[in-house]
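In: Here you go, sequence then predicted model.
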Amino acid sequence: MNRRVCIFFAAFFMLCLNHTALAQSKTHRVLFAVTSGDEADWKMTMGNIRNLISGLKPDAVEVEVVAYSQGLNLVKRGSAMASDIAALQESHVRFVACENSMRMQHVTPEDLLAGVQPVRSGIVEVVTKQEQGWTYIKAGR
Amino acid sequence: MNRRVCIFFAAFFMLCLNHTALAQSKTHRVLFAVTSGDEADWKMTMGNIRNLISGLKPDAVEVEVVAYSQGLNLVKRGSAMASDIAALQESHVRFVACENSMRMQHVTPEDLLAGVQPVRSGIVEVVTKQEQGWTYIKAGR
Amino acid sequence: MNRRVCIFFAAFFMLCLNHTALAQSKTHRVLFAVTSGDEADWKMTMGNIRNLISGLKPDAVEVEVVAYSQGLNLVKRGSAMASDIAALQESHVRFVACENSMRMQHVTPEDLLAGVQPVRSGIVEVVTKQEQGWTYIKAGR
């Protein structure tokens, strides 16, 4: 085995190690799927997110809330959770709304609370984020 | 290090690479657990599955719907979702029914919609599929 | 490549193999998140856990039930599920109660069923256990 081959293998190992290290690094990434139109479920979810962020400190947490089906109402202007949502957005919690649900329920981007971003499909968002390693929480009771 | 050892290591690397590649290949596999007897939950779930399949195109998606507890009613003859289920089965969505729930609720295989397959236990199905890398969606609100 | 390097690589491979083997070993670890105060949801969950344990036999299963929000009532003295819980605890199912929910609902450790352990935060427990490879089941309908 000559030197060149040896260097190649060494590089390969570094890559392996690096890959493993990356996979094990713990930035918490948590996705809440909100499909309920019930205010009690929303209230519980807002409290859960606050408790999650404070409970994991000093760790960093990325939180995304996906609102779809009846859950879309959570992120519409006039939502009873508007001020909770605004406060959580300041803590870098991201709220997204399902465009399929918006179309079905005749909701336009202007009908959404400030800072709420539309995504193509709520269910696709929930599935692909899980595939990328996000932890799934089904919101509500 | 002689040639034989070198070949052995090379083969081992191929195996490693292959394993990694397999782990990263993206066939989406999604399991919906239906435990609700509520038609609104079923309707939402059928819509979610359709949106998931169309939203992930051109990717392939394997979808399995596990019906147990009150969710068993979803896949019984006379279910309000019978035509939705038939259409989804044509798109290769698999519907399975929990035999524990069937026994408890005196439901025989003949009582199930065409193409619905019994599985020993709904909860075991949901757990083991997740262990095999399937993405879990708790159906309903 | 001298002998020492060769031994180093061999050791490294063993480590890799071992790591893979550990990751693939199947002790089932399943977490049920109970957030509902509804007795029908509790009853279903107790049945699910029993069916899971018997259905996975002879495999070993670690089960943890995290009670928070309205789900806290499940593990309070006087709970309609008290005898089910006692029996499951004998099968090594662990029941834990969220201290955030306890504080909010003025529940003291003495108000909990025997053997129920408080955890700092129910939602943190659910997220971190998932991160450690536990399979998540959202209890209830």
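Out: Arrived safely.

In: Nearest spatial neighbour of residue A:117, chain-adjacent residues omitted?
Out: residue A:96 (5.0 Å; C-beta to C-beta, 6 or more residues apart in numbering or on different chains). (C-beta placed from N, C-alpha, C; glycine too.)

In: Report the secondary structure element holding that neighbour.
Out: strand A:94-98 (DSSP states H and E).

In: go on, residue A:54?
Out: helix A:39-56.

In: send the alpha carbons of that helix over as CSV?
Out: Extracted in CSV, the C-alpha atoms of helix A:39-56 (Å, rounded to 0.1, in the frame of the first residue of the first chain):
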residue,chain,number,x,y,z
GLU,A,39,-58.8,27.2,21.4
ALA,A,40,-58.0,24.9,24.4
ASP,A,41,-55.7,22.9,22.1
TRP,A,42,-54.0,26.1,21.0
LYS,A,43,-53.5,27.4,24.5
MET,A,44,-52.0,24.1,25.6
THR,A,45,-49.6,24.2,22.6
MET,A,46,-48.4,27.8,23.2
GLY,A,47,-47.7,26.8,26.8
ASN,A,48,-45.9,23.6,25.7
ILE,A,49,-43.6,25.6,23.4
ARG,A,50,-42.8,28.1,26.2
ASN,A,51,-42.0,25.3,28.6
LEU,A,52,-39.9,23.5,26.0
ILE,A,53,-37.8,26.5,25.3
SER,A,54,-37.2,27.4,28.9
GLY,A,55,-36.8,23.8,30.0
LEU,A,56,-34.1,23.1,27.4
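
In: Show the subsequent helix or strand relative to it.
Out: According to DSSP H and E, the helix or strand after helix A:39-56 is strand A:61-67.

In: Would you indicate which residues of that next one are buried?
Out: The neighbour-count check on strand A:61-67 (16 or more other C-beta atoms under 10 Å in any protein chain shown) flags A:61, A:63, A:64, A:65, A:66, A:67 as buried.

In: what separates the first one from residue A:30, distance-wise?
Out: Per C-beta to C-beta, to the nearest Å, residue A:61 is found 6 Å from residue A:30.

In: mind showing which ranges of chain A have poor pLDDT?
Out: Confidence mapping of chain A against pLDDT under 70 gives the ranges A:1-25.

In: In it, mark out all the helices, start to finish.
Out: A:3-24, A:39-56, A:82-90, A:99-104, A:122-131 (DSSP state H).

In: how far does the second one sit from the chain's center?
Out: The one in question is helix A:39-56. 14 Å (C-alpha atoms, centre = their mean, to the nearest Å).
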